[in-house]
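Asker: Next one to model:
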Amino acid sequence: MTDTDTPTILRIDASGRYEGSNSRALADHLMARLTAEHPDADIITRDVAKGLPFIDADWITANFTPEENRDETHRGALAQSDALIAELQAADIIVIGTPMYNFAAPASLKAWIDLVARARKTFTYTENGPVGLLENKKAYVAIATGGTEIGSDIDHLSGYMTHMLGFLGIDDVEIFSADQLMAHGEEKVTEAKAAIDAAV
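Answerer: Sure thing, here's the model as predicted:
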């Protein structure tokens, strides 16, 4: 994407809360900054908290069936995954707003990752190991936590998100966090928004 291009922004929300969700508020703030910079941007929204299917035997069978041999049942099993991957492929900028549940990603966000991490679609295996296929994209991840400090030994979310996005080829990842909100409350949200303002 060049400075003159109209970017496509993909926003993904994972919080089970709507009213009072701090991760959604941070994602809102990010989107406001990005759309102010790119007023003509195309926006795609995906609320994974509304529910995504988990990988099952039918999905695995379809995924490992060569594309030229897939029937309607196979294509149906992969339809949701194909749609989510198409959104990622179309995006120049990705905004992910997520809470931390039990030290890690919500099940809904993990389901999204499982559905978009597909060999030959978003990464490929080479003699030197896996290589991500989703290049030249920027990702912002906004995280809210109740008691866990981001970057601590019990934070199994921020590093995982950076790793998984990088695994798919998205190496330019920026994390913003409002962490330990049960102790620090609105102060951390204000700090996270200020960090967004300084960076975006």
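Asker: Show the average pLDDT along the strand or helix carrying I12.
Answerer: According to DSSP states H and E, I12 maps onto strand 8-13. The average pLDDT within strand 8-13 is 98.
Asker: Now do the lengthiest helix in the chain: everything it contacts.
Answerer: Secondary structure of the chain per DSSP state H: the longest helix is helix 72-90. For helix 72-90, contacts defined as CB atoms under 8 Å, 6 or more residues apart in numbering pick out 8, 10, 44, 46, 52-53, 58-59, 61-63, 65, 70, 94, 112, 115-116, 118, 121-122, 134, 168. Glycine gets a C-beta too; all of them are placed from N, C-alpha and C.
Asker: For the least confident helix or strand in the chain by mean pLDDT, which helices and strands make contact with it?
Answerer: Least confident helix or strand, the chain: helix 181-184 with a mean of 92, by mean pLDDT, DSSP states H and E. For helix 181-184, not one helix or strand is in contact under the criterion 3 or more CB pairs under 8 Å, 6 or more residues apart in numbering; DSSP states H and E.
Asker: buried set for the helix or strand following that helix?
Answerer: Moving toward the C-terminus from helix 181-184, the next helix or strand (DSSP H and E) is helix 186-199. Across helix 186-199, burial judged by 16 or more other CB atoms under 10 Å covers 188-189, 192-193, 195-196.
Asker: same question for helix 186-199, mean pLDDT?
Answerer: 95.
Asker: which residue is nearest the middle of the chain?
Answerer: I96 (4.5 Å; CA atoms, centre = their mean).
Asker: Which strand or helix spans it?
Answerer: Using DSSP H and E, I96 falls in strand 93-99.
Asker: how about the strands in this structure?
Answerer: 8-13, 42-47, 93-99, 123-126, 129-132, 138-144, 172-178 (DSSP state E).
Asker: Format those strands as JSON lines; extra columns: distance to R33.
Answerer: Below are these laid out as JSON lines (distance: least, CB to CB, whole Å):
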{"stretch": "strand 8-13", "distance to R33": "11"}
{"stretch": "strand 42-47", "distance to R33": "14"}
{"stretch": "strand 93-99", "distance to R33": "10"}
{"stretch": "strand 123-126", "distance to R33": "30"}
{"stretch": "strand 129-132", "distance to R33": "26"}
{"stretch": "strand 138-144", "distance to R33": "9"}
{"stretch": "strand 172-178", "distance to R33": "11"}
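Asker: nearest to G151, of the ones you listed?
Answerer: Of all the strands of the chain, strand 172-178 sits nearest to G151, with 8.3 Å by CB to CB.
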